[in-house]
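Chemist: sequence and predicted structure are below.
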Amino acid sequence: MVTMTVEETWAAPQADGPLEATVTIPGSKSLSNRYLILAALGSRPVRLTGLLRSRDTDLMIGALAALGVDCRVDPNKATNVTVIPPAGGRFRGGARVDCGLAGTVMRFVPGLAMLADGPTRFDGDEQAYRRPMRPLLEGLTQLGARIEYLGQEGFLPFVLTPPDRLVGREVTIDSSASSQFISGLLLLAARADGPTTIVHSGQHLPSLPHIAMTVEDLRQAGVRVQANPDRCRWSVEGRGTAGTGLPDQVQVEPDLSNAAPFLGAALIGGGQVSVPNWPDHTTQPGGLLPGYLETIGAQVDMVPDGQGSPTCRVTGGEAIHGLGDFDLSPAGEIVPSIAAILVFADGPSRLHGIGHLRGHETNRLKALATEITRIGGQARELDDGLAIEPVPVHRLHGAVMETYADHRMATFAAMIGLRIPGIRVRNIGTTAKTMPDFPGMWKRMLAGEDQG
Ligand SMILES: O=C(O)C1=C[C@@H](OP(=O)(O)O)[C@@H](O)[C@H](O)C1
Ligand SMILES: C=C(OP(=O)(O)O)C(=O)O
């Protein structure tokens, strides 16, 4: 294990007065990586604009390149990328795919490997070896794949050998550990010969907005999908080698989950933070954020912007309220940001429906309980979530906070540091998983520099 001195940690800046900032948020990780996959599954070049460029999307671009997809980055603007699928829609076998710690890469790219002309080897960060993979790989096995596990069964690393031909059929998996298993199968099903029906057999299904996002993006790519989330069934028209047909150019929405630390800062630090280009309609779970923040005590205004989408302006209120018993299963990925705000609440919160966060970048329930306790707060894991009790702010104190290679634990710690002096953060660079320059953006927000 690498140990770090205090000097190597990042001193989280405190808010020394009410915030007054406009922050432009880079493209959505989830949309960027879906569009990259959907473009690769098509038969014509697609130009993606406003694409997120961060570790997770660069890993996706690297994975596509390894499989024979030509991804051309605009030399004048790195967020514009043209994706050129391989001729005939057949991906290059014999590839090695590095998934890093990216759920979207490890759960979506094996689908592409089903259409390759040879086996593909999947590997990733050591920490990724603990992220669940088995239900996805069982689904792919039902579609004809052969999986050879190279480490622990059910986890990375593994080799996937594709079937000679991908034929649609009914596939049943338990997706309670991650919605990404269903999304990965849905994306691939667009290229099957004949229809595919995907059935979820488990009790709980997290992150339903992310599944709705996959369905909407497939439809945008001309693929017919019947979605019955209430019955846990999704059917996809298989378009065979005709593949998907995204428009020639697709603009990516800002990442609304990455907006959460900045908008949440207005509650913790006081004042106002605005995020421009807030989509009028979105499938991103971050679309639920304005409503959550209002419940917690913020004032939220959607300020019209004349021509484009409105600006979301969040103003911190007098008090921060606990959420009581609250189901966060639709928006698990923003739990660390919500939790950071709730540390300062005047009442308790019991966040439910998020047991699957134990299989995220790290065991987030354990990490959040540990880090809240470390600064003098009170939190404990629940079977399906996290309980946070109010503690007077003068009892909270500085500490060196761990981030567990988890970008959202790093932004969580930065949020805590807005109000508590002496917070230092280990490995702030881990935020590069989904945000290219979080420390710079945070500093500019605190300085009130307009990033709009
Ligand atoms: O499909 C996606 O883009 C995602 C789905 C969610 O995964 P889980 O269902 O595993 O939480 C989310 O947490 C993750 O950040 C991104
Ligand atoms: C869970 C997350 O990421 P991943 O796509 O790696 O699952 C996340 O970003 O919060």
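Modeler: Looks like it came in fine. Ligands and ions are numbered 1, 2, ... in the order given.

Chemist: give me the nearest residue to the residue in the chain that ligand 2 sits nearest to, chain neighbours excluded.
Modeler: Closest approach of the chain to ligand 2 (C-beta to the nearest ligand atom) occurs at residue 103, with a separation of 2.4 Å. The C-beta positions use only the backbone N, C-alpha and C, and glycine is treated the same way. Closest residue in space to residue 103, ignoring its immediate chain neighbours: residue 180 at 5.3 Å, by C-beta to C-beta, 6 or more residues apart in numbering.

Chemist: quick one: that neighbour and ligand 1, what's the gap?
Modeler: 5 Å (C-beta to the nearest ligand atom, to the nearest Å).

Chemist: isn't that residue right up against residue 109?
Modeler: No - Residue 180 is beyond contact range of residue 109, at 11.2 Å (criterion: C-beta atoms under 8 Å).

Chemist: re earlier: hmm, the residue of the chain closest to ligand 2 is touching residue 179, no?
Modeler: No - if you go by C-beta under 8 Å, residue 103 and residue 179 don't touch, sitting 9.6 Å apart.

Chemist: re earlier: tell me, what's the model's pLDDT at the residue nearest to residue 103?
Modeler: Per-residue confidence for residue 180 comes out at a pLDDT of 98.

Chemist: for it, phi and psi?
Modeler: In terms of degrees, to the nearest 10, the main-chain angles of residue 180 are phi -70, psi -20.

Chemist: what do you get for residue 330?
Modeler: phi -70, psi -20.

Chemist: does it touch residue 288 like I think?
Modeler: Yes - when contacts are counted by C-beta under 8 Å, residue 330 is listed as touching residue 288 (6.3 Å).

Chemist: how about the residues of the stretch 51-200 of the chain near ligand 2?
Modeler: Within reach of ligand 2 by C-beta under 6 Å from any ligand atom, the stretch 51-200 of the chain has these residues: 102, 103, 104.

Chemist: how about the secondary structure of the last one?
Modeler: Here residue 104 takes the helix state, with states given by DSSP: H, G, I helix; E, B strand; the rest coil.

Chemist: and the closest residue to it other than its chain neighbours, which helix or strand is it part of?
Modeler: Excluding its sequence neighbours, the residue lying closest to residue 104 (C-beta to C-beta, 6+ apart) is residue 33, at 4.1 Å. Applying DSSP states H and E as the criterion places residue 33 in helix 29-40.

Chemist: return the distance of that helix from the chain's centre.
Modeler: 12 Å (C-alpha atoms, centre = their mean, to the nearest Å).

Chemist: so it, near ligand 1 or not?
Modeler: Yes - using C-beta under 6 Å from any ligand atom, we find that helix 29-40 touches ligand 1 at residue 30.

Chemist: show me what contacts the residue of the chain closest to ligand 2?
Modeler: 131, 178, 180, 360 (C-beta atoms under 8 Å, 6 or more residues apart in numbering).

Chemist: three-state assignment of the spatially closest residue to residue 322 that is not a sequence neighbour?
Modeler: What sits nearest to residue 322 in space, not counting adjacent residues and going by C-beta to C-beta, 6+ apart, is residue 347, at 3.2 Å. Following three-state DSSP, residue 347 is assigned to coil.

Chemist: quick revisit: filter the residues of the stretch 51-200 of the chain next to ligand 2 down to the ones near ligand 1?
Modeler: Okay, of these touching ligand 1 (C-beta under 6 Å from any ligand atom), that's 103, 104.

Chemist: nearest to residue 407, of the residues of the stretch 51-200 of the chain next to ligand 2?
Modeler: Proximity of these to residue 407 (C-beta to C-beta) peaks at residue 102, which lies at 10.7 Å.

Chemist: the closest one against residue 56, yeah?
Modeler: Yes - assessed by C-beta under 8 Å, residue 102 is found in contact with residue 56 at 4.2 Å.

Chemist: those two - which one has more neighbours?
Modeler: residue 102 (28 against 23; other C-beta atoms under 10 Å).
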